[in-house]
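**Student:** Structure of the sequence below:
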Amino acid sequence: MTIESITLGCFSALSTGYWSRLSEKRGRPNILLIVYLGLGLSELIFILVKVFKLPVNLLLIGSLVEGILGGPATLNALITGYVHDHLSQHQLSTATGLMLSAGAAMVGSAIGPSFANWLIAFSDAQLLAPSYAILVCLPPLALVTRFLLPHKKLSVSMDFSGDSQIQRKHILAPLHVLRPVRGDRSLLLLGISYGLYCFVGGSSTVKLQYAASEFDWDAVKIGEYLTILGSSRVASLLIVIPLILYVWNRKANHDPVKPSSVDGSDLLEGQNVAGDFHYASMDLNFSNLSPHSKPTAVVFGCPSTNTSRSSLTLCPSEVVLEVNEDDTRCKTSATKDQELELNSSISQKSYQTQIDLNLARFSIGWGMICGVCLLFSHSMLSFIVPSALEALSRSTGPAIQAVALSLIAIKRDNIGSADVISSFSLIGILAYDLFGPLLFGAVYVTSRSQELSKCFLFVIVALEIINLTVISFVDISEKKAVDEEFYCSEGGQVLLPNN
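**Tutor:** Residues are numbered from 1 along each chain as shown. Okay, here's the model as predicted:
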């Protein structure tokens, strides 16, 4: 089982970058069908090995095939990307959507084992009944994914720098997008923070072993403990935290933060904003623009956390631009109310990113507090209560991913969401499924022989403190270098050249 899990995890992590980038061109639901195919082939190989009594080593082929065709890492990346894409169309919180999807997955994880046990009992102890059920459910699931799930075909620019092309050939290419650019280390810090979070999550098996040994639990007690943990996590991800965020965002909508970086009155009067930049929508006639002029751009307030471009789009009917060969200054006819409404909308999106970052920091801090309580627990009740309350820290992962997806819109125009999502999926599968259990298992076995069985809890608290320190250095301000490229789209989006 261990070798199968390692094989599946490694190949799934290594293939997730390719499948994630392909999903941006072919559509995420279409790539989900390939992941379903890998899962079906793995179950089919398991059935064949069991029925025909083939060598057990052939089960590795099933794990290998499932990992190459995506596996759990790609499945997580595709779901994350799909949620982000469709929530961004409606300007909704990505963190909330990811938490709801994680909570729904937690419900499935809780129901799945019980349903499998019922199938085995109903089929007179046929251990292959769950595998047959999976094969029966996959075709309807594929039909729903293909024909009922809303599709959004995305196009991705394939023009990368030479350095990027070289790095994409590397086996760990998804991690390359986290490298610092122009002194900005925010994505790297978020990646480290997410890795530490998943690392701590890998201690769940060791916690169960410790509790069963310390309090002499039997199978019934272990089942009750897992039920309490599952229920608390589902309640936290589906009800408690989304409700808190809803109230928080509702208050923000009634009391919007007004941007201070740009004064709307200056724009109305035709004056320049900071840095002598101009910002407006323009007529799509570019015949009078000089081909030798270098464009410059400015980020207006703070860009949307759910878009891939940092420039602002104004409706051509709201703003009229006159471009002359000798004078490229903007003459706007937007009203003051329209400008204030636009500024308020941008500020609320920036505020949402700050909420996601604060949520991640709070969740890490809460996990640290619960870890300290577990470290000083001396009874079964004092161990179970902090373990259940620790479920509130499960929002750390969705919040960190939401902030990372926002940062690529603010600071990294040349990075697609698929690259960031696949990098975080790779980090998660390596830290949660591979290195985390290995580290905590080794610490627990070593410390238990020396009658220091709580030593792994001390390691958890130390990692939480380090994680809280790392994420405190994340900067989400729109300090963005000016891109020396001219961009315009059908929506009237433009960055004007200054002479």
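**Student:** Enumerate every residue touching residue 198.
**Tutor:** Contact partners of residue 198, counting by C-beta atoms under 8 Å, 6 or more residues apart in numbering, are 397, 427, 428, 431, 432, 436. To be clear about C-beta, it is placed using only N, CA and C from the backbone, and glycine gets the same treatment.
**Student:** mind giving me the domain split of the protein?
**Tutor:** What automatic domain parsing lists as the domains of the chain is 1-149, 175-499.
**Student:** and those domains, which one's lowest on average pLDDT?
**Tutor:** Lowest mean pLDDT of the domains of the chain: domain 175-499, a mean of 72.
**Student:** On the three-state scheme, residue 469 is what?
**Tutor:** helix (DSSP: H, G, I helix; E, B strand; the rest coil).
**Student:** and it, how many neighbours?
**Tutor:** 11 (other C-beta atoms under 10 Å).
**Student:** Likewise for residue 57?
**Tutor:** Neighbour tally, residue 57, other C-beta under 10 Å: 9.
**Student:** about what we covered before: looking at the contacts of residue 198, which is nearest residue 46?
**Tutor:** residue 432 (23.4 Å; C-beta to C-beta).
**Student:** And the helices in the stretch 151-300 of the chain?
**Tutor:** For the stretch 151-300 of the chain, the helices defined by DSSP state H, counting those that start in this stretch cover 162-168, 186-201, 204-214, 219-235, 241-254, 264-268.
**Student:** So which other helices or strands are in contact with the fifth one?
**Tutor:** For helix 241-254, the packing partners by 3 or more C-beta pairs under 8 Å, 6 or more residues apart in numbering; DSSP states H and E come out as helix 94-122, helix 336-375.
**Student:** could you dump the ones you listed to a markdown table with mean neighbour count and distance to residue 138?
**Tutor:** Output for the helices and strands packed on helix 241-254, formatted as a markdown table (neighbours: other C-beta atoms under 10 Å; distance: least, C-beta to C-beta, whole Å):
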| stretch | mean neighbour count | distance to residue 138 |
| --- | --- | --- |
| helix 94-122 | 17 | 14 |
| helix 336-375 | 20 | 34 |
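**Student:** Quick check: which of the ones you listed is nearest to residue 401?
**Tutor:** helix 94-122 (6.1 Å).
**Student:** C-terminal to that closest one, what's the next element?
**Tutor:** For helix 94-122, the following helix or strand on the C-terminal side (DSSP states H and E) is helix 129-143.
**Student:** Kindly provide the distance from the residue nearest to residue 233 when sequence neighbours are not counted to residue 211.
**Tutor:** Nearest residue to residue 233 in three dimensions, chain neighbours excluded: residue 391, at 4.3 Å (C-beta to C-beta, 6 or more residues apart in numbering). From residue 391 over to residue 211 the distance is 16 Å, taken as C-beta to C-beta, to the nearest Å.
**Student:** Between the two, tell me which one has more neighbours.
**Tutor:** residue 391 (24 against 20).
**Student:** My guess is the more buried one contacts residue 239. True?
**Tutor:** No: if you go by C-beta atoms under 8 Å, residue 391 and residue 239 don't touch, sitting 11.1 Å apart.
**Student:** what touches both of these two?
**Tutor:** With C-beta under 8 Å, 6+ apart, residue 391 and residue 239 have no common neighbours.
**Student:** Might you report the residue contacts of the closest residue to residue 45 other than its chain neighbours?
**Tutor:** Spatial nearest neighbour of residue 45, excluding adjacent residues (C-beta to C-beta, 6+ apart): residue 62 at 3.7 Å. Going by C-beta under 8 Å, 6+ apart, residue 62 touches 4, 41, 42, 43, 44, 45, 46.
**Student:** of those, buried ones?
**Tutor:** For those, a neighbour count by 16 or more other C-beta atoms under 10 Å gives the buried set as 4, 42, 43, 45, 46.
**Student:** Can you give me every residue that contacts residue 467?
**Tutor:** Neighbours of residue 467 in contact, by C-beta under 8 Å, 6+ apart: 193, 196, 197, 200, 364.
**Student:** now swap in residue 79 and tell me
**Tutor:** So residue 79 contacts residue 101 (C-beta under 8 Å, 6+ apart).
**Student:** what's the helix or strand for it?
**Tutor:** Judged by DSSP H and E, residue 79 forms part of helix 71-89.
**Student:** in that helix, what counts as buried?
**Tutor:** 71-85, 87-88.
**Student:** swap in stretch 123-131?
**Tutor:** 129, 130, 131.
**Student:** Can you give the contact residues for it?
**Tutor:** The contact list for stretch 123-131 (C-beta under 8 Å, 6+ apart) reads 43, 46, 47, 50, 51, 115, 116, 119, 120, 122.
**Student:** and that stretch, how far apart are its ends?
**Tutor:** 12 Å (C-alpha to C-alpha, to the nearest Å).
**Student:** Residue 132 versus residue 145, what's the distance?
**Tutor:** 21 Å.
**Student:** So between those two, which is more surrounded?
**Tutor:** It is residue 145, of residue 145 and residue 132, that has more neighbours when counted by other C-beta under 10 Å, with 17 against 14.
**Student:** so what's the more buried one up against?
**Tutor:** 29, 32, 33, 36.
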